[in-house]
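Enquirer: structure here, sequence nowhere to be found:
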């Protein structure tokens with residue numbers, strides 16, 4: 001990378017540290033909404049790592065992972081640079097919702113348009129002011145409402161660089177995931193920037209185990225890139241899964257799982273039961289194949305066809 005990184009007309013040289021405010025728009029109250037960007041640069045040039053959290057406003061674990069690393073000074077590099085955006089979707093965060101006031105999802109709005117919807121404006125800002133300055137990135141996410149994810153990296157394993165970054169992060173699981181159209185990850189890939197996704201926990205809830213995994217994995221990736229000299233050893237062996245499937249409810253009712261998030265399961269194993277609320281009926285839900293439970297529904301009330309759990313297999 002060049003000796004100077006320039007974001008929104010702010011130049012950050014080697015050995016410097018700045019917090020830059022990107023003005024996005026303002027609320028109907030005329031309160032400005034700014035996007036804080038933390039930039040950390042070592043004296044010696046090297047790779048530039050991007051960390052983004054809160055692309056979905058109710059997904060708090062990624063926000064907390066980056067916030068703790070900022071607060072504890074972990075992101076100060078020994079070589080190269082780190083650009084950190086703890087909270088991208090300020091609007092969604094304020095309202096405790098996934099999307100934006102216009103109903104759009106930022107992560108389905110890339111590469112964005114300067115004069116488009118608020119979601120496309122935010123996407124355009126990231127793609128034009130941040131992405132040109134970076135080499136690789138980690139985008140932090142969680143599961144949806146009442147649906148939790150076990151700590152995992154998602155990336156396209158057919159791309160060798162993605163596989164390299166995922167293994168260096170060393171999460172419990174790495175899951176093959178093709179980039180979704182108009183997602184941040186796919187738009188960045190088109191610019192030859194590799195971004196992997198870390199998922200843990202559920203929306204609106206802190207997952208302490210997953211937060212710890214996210215912090216330690218980020219430091220391990222920083223060490224792999226040469227940004228950090230030291231990193232914690234992984235306490236587990238990373239498992240790679242190339243395929244996933246959703247196990248869905250065949251009946252409506254109350255779902256009570258008999259397995260836990262992260263469990264290894266086998267074909268025909270009982271995953272749980274669905275009962276009616278009146279005490280008359282009880283149906284068994286069986287596992288369709290051997291695999292790992294990488295996502296689990298914690299909402300007891302289910303309709304026919306609702307996702308009960310997310311199963312990864314090889």
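Expert: All right, it came through fine. These figures come from a predicted structure and were not determined experimentally. Residues are numbered from 1 along each chain as shown.

Enquirer: tell me where the stretch 1-150 of the chain has helices.
Expert: With DSSP state H, counting those that start in this stretch, the ranges of helices along the stretch 1-150 of the chain come out as 60-71, 90-95, 118-125.

Enquirer: close enough to count as contact, residue 219 and residue 232?
Expert: Yes - applying C-beta atoms under 8 Å as the test, residue 219 and residue 232 come out as touching, 6.4 Å apart. Yep, even glycine has a C-beta here, placed from its N, CA and C like the rest.

Enquirer: neighbour count winner among these two?
Expert: When residue 219 and residue 232 are compared for neighbours, residue 219 comes out ahead with 19 against 13, by other C-beta atoms under 10 Å.

Enquirer: on the three-state scheme, residue 272 is what?
Expert: Secondary structure, DSSP: H, G, I helix; E, B strand; the rest coil: residue 272 is strand.

Enquirer: and the residue nearest to it when sequence neighbours are not counted, what does it touch?
Expert: Nearest residue to residue 272 in three dimensions, chain neighbours excluded: residue 257, at 3.9 Å (C-beta to C-beta, 6 or more residues apart in numbering). Neighbour list for residue 257: 271, 272, 296, 297, 308, 309 [criterion: C-beta atoms under 8 Å, 6 or more residues apart in numbering].

Enquirer: bridged to the last one, which residues?
Expert: Just to be clear, that refers to residue 309. Here residue 309 shows beta-bridge partners residue 247, residue 296, assigned using DSSP bridges.

Enquirer: that one: neighbour count?
Expert: Residues contacting residue 309 under the criterion other C-beta under 10 Å number 26.

Enquirer: could you chop this structure up by domain?
Expert: Segmentation of the chain into domains, based on automatic domain parsing, reads 5-239, 243-313.

Enquirer: just to revisit the earlier point, between the helices of the stretch 1-150 of the chain, which one is closest to residue 38.
Expert: With distances scored as C-beta to C-beta, the stretch of the helices of the stretch 1-150 of the chain nearest to residue 38 is helix 60-71 (5.7 Å).

Enquirer: would you turn the domains of the chain into a markdown table with mean pLDDT?
Expert: What follows is these, written out as a markdown table (pLDDT from 0 to 100):
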| stretch | mean pLDDT |
| --- | --- |
| domain 5-239 | 96 |
| domain 243-313 | 98 |
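
Enquirer: which of those is buried the deepest?
Expert: For these, average neighbour numbers computed from mean count of other C-beta atoms under 10 Å are highest in domain 5-239, which has a mean of 19.

Enquirer: show me what contacts residue 306?
Expert: Contact partners of residue 306, counting by C-beta under 8 Å, 6+ apart, are 248, 249, 297.

Enquirer: look at the residue of the chain positioned farthest from its centre and tell me its secondary structure.
Expert: Relative to the mean C-alpha coordinate of the chain, counting by C-alpha atoms, centre = their mean, the farthest residue is residue 280 (41.5 Å). When classified by three-state DSSP, residue 280 comes out as coil.

Enquirer: pretty sure residue 204 is touching residue 98, no?
Expert: No - distance between residue 204 and residue 98: 10.0 Å, which falls outside the contact criterion (C-beta under 8 Å).

Enquirer: between the two, what contacts are shared?
Expert: Between them, residue 204 and residue 98 share the contacting residues residue 58, judged by C-beta under 8 Å, 6+ apart.

Enquirer: what ranges does the stretch 201-314 of the chain have for its strands?
Expert: With strands called from DSSP state E, counting those that start in this stretch, the stretch 201-314 of the chain shows them at 239-241, 243-248, 253-257, 264-265, 270-275, 282-286, 291-297, 301-302, 307-313.

Enquirer: I'd say residue 19 and residue 35 touch.
Expert: No - between residue 19 and residue 35 no contact is recorded; they are 10.9 Å apart, counting by C-beta under 8 Å.

Enquirer: who touches both of the two?
Expert: Between them, residue 19 and residue 35 have no joint contacts when contacts are counted by C-beta under 8 Å, 6+ apart.

Enquirer: so which residues make contact with stretch 8-21?
Expert: Contacts of stretch 8-21 with the rest of the structure, by C-beta under 8 Å, 6+ apart, involve 3-7, 22, 34-45, 76, 129.

Enquirer: in strands only, show me those residues.
Expert: With strands identified by DSSP state E, the entries of those that belong to them are 5, 6, 7, 22, 34, 35, 36, 37, 38, 39, 40, 41.

Enquirer: the residues you listed: which two are farthest apart?
Expert: Farthest apart among the ones in strands among the contacts of stretch 8-21 by C-beta to C-beta are 34 and 41. That separation is 21.4 Å.

Enquirer: excluding chain neighbours, what is closest to residue 231?
Expert: Closest residue to residue 231 apart from its sequence neighbours, by C-beta to C-beta, 6+ apart: residue 223 at 3.8 Å.
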